[in-house]
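> predicted coordinates and the sequence they were generated for:
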Amino acid sequence: MPNSLSFEDLCQTGRDHLRAGRLSDAMAAFEEARQINDLDADVHEGLATVHYMLQAYEPAVKHFERVTRLDPRRGASWINLGAVYNRMGNYHKAAEVLRRAVQIEKKSSVGFYNLGIAYKQLKQWTLAIPAYREAIRLEPRMADAYLNLGNVYSQMNNFGQAVAHFKKALDIEPALERALRGLEKAEAGLAAARPAPNPFGRLVNPDQTPAASAAPVAAARELGDDERPPRSPQSARAFGAARAATARGAGRTR
């Protein structure tokens, strides 16, 4: 069996080829390393990544699953496995895997972002929103998370929130075409949702007439003689006699 240094050199060569985009060379190096040690998680991680980049998702899943069995606490591999399931359209499996992933990698913005994708595709809006919000909390300038939140709110017909999140995505990446298109649609939806003005105006509720519009109440005052109602002859004579008696009494002194 070749010595461990040769194995390590092959793994490093595979990683170097992978970073340089030489996928066929990377595949050959990792496969050779796997022939030496099939129980090494790094080898399967490398092979899974190469297959993923080649869009060969079935073998990518096989190798990522092998990594999670060899090293169950390797949270990044759980996240990558969930991302592959998302790419394959198996969103139920993706959500299952990614829920486990973020329990291991609690500070992974990518893990919560991928979980948000799975929930979004399953139309589980109330679960997608907190997943994306947690991704943003961990990585405040993740434009794609704001973009996807805008899309979720648009699906919910919450166009006010959709507009706000599309604008935030564009603040971070002004040329993000999907956010520009989403913003345009959300603003149209928001405008259509506003109630049209009443062309007939408003009617006054007679039970709620303002006090200022009520008839004014005159202040109480004593009526003058010329304003009093006319008296009958009898009452006029009695009234005159009473006034004369009052006048005589007023002129006496004790």
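It's in. Numbers count the residues shown, from 1 in each chain.
> dump the C-alpha coordinates for the strand or helix carrying Leu47 into PDB.
Taking DSSP states H and E as the definition, one finds Leu47 inside helix 41-53. The C-alpha trace of helix 41-53 is given here as PDB (Å, rounded to 0.1, in the frame of the first residue of the first chain):
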ATOM      1  CA  ALA A  41     -14.400  11.600   4.500                       C
ATOM      2  CA  ASP A  42     -12.300  14.200   2.700                       C
ATOM      3  CA  VAL A  43     -11.900  12.000  -0.400                       C
ATOM      4  CA  HIS A  44     -15.700  11.500  -0.700                       C
ATOM      5  CA  GLU A  45     -16.200  15.200   0.000                       C
ATOM      6  CA  GLY A  46     -13.900  16.000  -2.900                       C
ATOM      7  CA  LEU A  47     -15.600  13.500  -5.200                       C
ATOM      8  CA  ALA A  48     -19.100  14.800  -4.200                       C
ATOM      9  CA  THR A  49     -18.100  18.400  -5.000                       C
ATOM     10  CA  VAL A  50     -16.700  17.500  -8.400                       C
ATOM     11  CA  HIS A  51     -19.800  15.600  -9.300                       C
ATOM     12  CA  TYR A  52     -22.000  18.500  -8.100                       C
ATOM     13  CA  MET A  53     -20.000  21.000 -10.200                       C
END
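> what about it, distance to the chain center?
35 Å (CA atoms, centre = their mean, to the nearest Å).
> just want the angle from the helix or strand that it is followed by to helix 41-53.
Later in the chain than helix 41-53, the nearest helix or strand by DSSP H and E is helix 57-70. Put simply, helix 57-70 runs at 160 degrees to helix 41-53, going by axes from the mean of the first three to the mean of the last three CA atoms, to 10 degrees.
> which elements pack onto the helix or strand just after helix 57-70?
Scanning forward in sequence from helix 57-70 by DSSP H and E, the next helix or strand is helix 75-88. When contacts are defined as 3 or more CB pairs under 8 Å, 6 or more residues apart in numbering; DSSP states H and E, helix 75-88 sits against helix 41-53, helix 57-70, helix 91-104, helix 109-121. All C-beta atoms are positioned from the backbone trio N, CA, C, and that covers glycine.
> many thanks, I have nothing further to ask.
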